[in-house]
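**Q** turn this into a model:
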Amino acid sequence: PQLQYQDEKAHSRGWFGQMLLTVLMSVITIAVTFLTLYPLFSRAFRGQEVSTTPHIYNVVVAPMGVALLVIFAISPFLPNQRAENVAREAAIRAMIFGAAFGVMFLLTDFKHPGVAFVVATSLLAVKTVLWKAKRPISGAMKTESDRWWNVAHASSPYFAHLGLIIMLVAITLNHSGEVKEQVKVSVGQTITASGIELRLDTVQVQQYPDRASFQAYISVLDGDGNAKASIVSMLERFNNAEQLQAQVGINSGIMRDIYVVVDEADATPGAEWVRLTVYNNPLINWVWFGGFVLSLGGFFYLIPTIRRRRRPLGTSAAGIAGAALGEAAIDSELRDIIDTAILAVRAGIDRTANERVNSLMATARDLSGGENATPEQILAFLERARGGSTGPAP
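**A** You can find the predicted model right below:
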């Protein structure tokens, strides 16, 4: 709220899109949390075992995920945005969307228009994020002190947005491209299941104090029939339970994960065979990577707080900043005001909704050259105040 514009022509730029994103993200968080914990609550309070299936998540959460991408994609055309030439921007985005949709629809053999729509919309979403990130990151690059810390902090929300987009695209492609197939295979036999060439190398039966374990050793083959990875999948019977329990064998890669489950087995010497269910799960690691990028944005956002705790403010520029606001000491509240003033200057904001921030910005301007002070000079003063410089004020 402290960064809201005061002039009527540019009041609260971006508030509408931010509000929509906030509402959707909050609803998604609540929905996922409820669906995840509902089985536990049902068992605890009603004594019933209830499970939530993937179908429920798809019905409830998927439409909101697509809506998030659409908001990113059309953000420049929402109220209070900075699109300078709306017609030109709309034409460019229409061409990008049409080309991406056509290529993706072709790659999916014209069977998944929804996937093509999500991928095309995601490209526009990425374009929006890069467009919005350009100005604050460029401003941070011009700072004289702590430049790379400032760049990281200025880029934090855009890292979070990109991470969210990567997650949504990866989930969509995984859901549409997942393949599973059940096959029966004997030791030494090579089969193709779910588009993957596999060979059952050997089987072993191991006896443990608490269980008996049937272990299938499987090789993943390349196009020339050579083993490029190995998977161990197990079917176990515990002494205190009648039901068999499968231990999934997993081969994880950049573009896909292979899951192999032993459904049934026969360990008769010389005639060993197993019945397997083979899952080809594309882009699982990209879901995790998107989550990492999103979390990285959150970490970058906390940089000023972390650095303030590690390095207290000094007495020169920081003292002047405190004196400008009538502060006897440089406390956490004043540090927050300095941070807000820095963000405002980087964003090109002359006045904010916070009079104390405005007072500090005016003082920084006066001490940095008066009316002729450049944004870079004002930023240099504010960053010296925040960083605790003891040298002369700029």
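**Q** other SSEs contacting the helix or strand hosting I258?
**A** Using DSSP states H and E, the element containing I258 is strand 256-266. Counting contacts by 3 or more C-beta pairs under 8 Å, 6 or more residues apart in numbering; DSSP states H and E, strand 256-266 packs against strand 196-207, strand 211-221, strand 227-238, strand 244-247, strand 249-252, strand 273-282, helix 284-301. Using the backbone N, CA and C atoms, a C-beta is placed for each residue, glycine as well.
**Q** partners of the fourth one in the sheet?
**A** For strand 244-247, sheet partners with direction are given as strand 227-238 (antiparallel), following DSSP bridges.
**Q** pLDDT-wise, which helix or strand of this structure ranks last?
**A** Least confident helix or strand, the chain: helix 317-324 with a mean of 59, by mean pLDDT, DSSP states H and E.
**Q** next helix or strand past that one?
**A** Counting by DSSP H and E, what follows helix 317-324 is helix 332-346.
**Q** quick revisit: select from the helices and strands packed on strand 256-266 the stretch with the lowest mean pLDDT.
**A** If you rank these by mean pLDDT, strand 244-247 sits at the bottom with a mean of 87.
**Q** re earlier: can I get the helices and strands packed on strand 256-266 in CSV including distance to S359 and mean neighbour count?
**A** Listed next are the helices and strands packed on strand 256-266 as CSV, based on distance: least, C-beta to C-beta, whole Å; neighbours: other C-beta atoms under 10 Å:
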stretch, distance to S359, mean neighbour count
strand 196-207, 66, 15
strand 211-221, 66, 19
strand 227-238, 64, 16
strand 244-247, 65, 14
strand 249-252, 56, 16
strand 273-282, 55, 20
helix 284-301, 26, 17
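**Q** to V151, which of those lies closest?
**A** helix 284-301 (9.1 Å; C-beta to C-beta).
**Q** for the closest one, packing partners?
**A** By 3+ C-beta pairs under 8 Å, 6+ apart, helix 284-301 packs against helix 147-177, strand 256-266.
**Q** any idea which of these gets closest to E49?
**A** Closest among the helices and strands packed on helix 284-301, using C-beta to C-beta: strand 256-266, at 22.3 Å.
**Q** quick one: distance of the closest one to the chain centre.
**A** For strand 256-266, the distance from its own C-alpha centre to the chain's C-alpha centre is 30 Å (C-alpha atoms, centre = their mean, to the nearest Å).
**Q** for it, give the mean pLDDT please.
**A** On average, strand 256-266 scores 91.
**Q** cool, stretch 68-75 as well?
**A** Here the average pLDDT along stretch 68-75 is 90.
**Q** just the CA trace of that stretch, in PDB.
**A** Extracted as PDB, the C-alpha positions of stretch 68-75 are listed here (Å, rounded to 0.1, in the frame of the first residue of the first chain):
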ATOM      1  CA  LEU A  68      -3.800 -17.700 -13.300                       C
ATOM      2  CA  LEU A  69      -2.000 -18.200 -16.600                       C
ATOM      3  CA  VAL A  70      -4.700 -16.200 -18.400                       C
ATOM      4  CA  ILE A  71      -4.400 -13.300 -16.000                       C
ATOM      5  CA  PHE A  72      -0.600 -13.300 -16.600                       C
ATOM      6  CA  ALA A  73      -1.100 -13.400 -20.300                       C
ATOM      7  CA  ILE A  74      -3.600 -10.500 -20.500                       C
ATOM      8  CA  SER A  75      -2.100  -8.500 -17.700                       C
END
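**Q** what does that stretch rub up against?
**A** Stretch 68-75 has contacts (C-beta atoms under 8 Å, 6 or more residues apart in numbering) with 14, 17, 20-21, 24-25, 28, 78, 81, 93, 97, 118, 121-122, 124-125, 128-129, 132, 161, 164-165, 168.
**Q** try stretch 128-142
**A** By C-beta under 8 Å, 6+ apart, stretch 128-142 touches 72-73, 75-76, 147, 150-151, 153-155, 158, 161-162, 165, 345-348, 375-376, 379.
**Q** list the contacts for the spatially closest residue to A229 that is not a sequence neighbour?
**A** Leaving aside its sequence neighbours, A229 sits nearest to V220 (C-beta to C-beta, 6 or more residues apart in numbering; 4.2 Å). For V220, the contacting residues are I196, E197, L198, A227, K228, A229, S230, I231, N251, I258, by C-beta under 8 Å, 6+ apart.
**Q** same question, G348
**A** Counting by C-beta under 8 Å, 6+ apart, G348 touches R135, G139, P375.
**Q** and these as CSV, adding secondary structure and pLDDT?
**A** Listed next are these as CSV, based on DSSP: H, G, I helix; E, B strand; the rest coil; pLDDT from 0 to 100:
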residue, secondary structure, pLDDT
R135, helix, 82
G139, helix, 80
P375, helix, 84
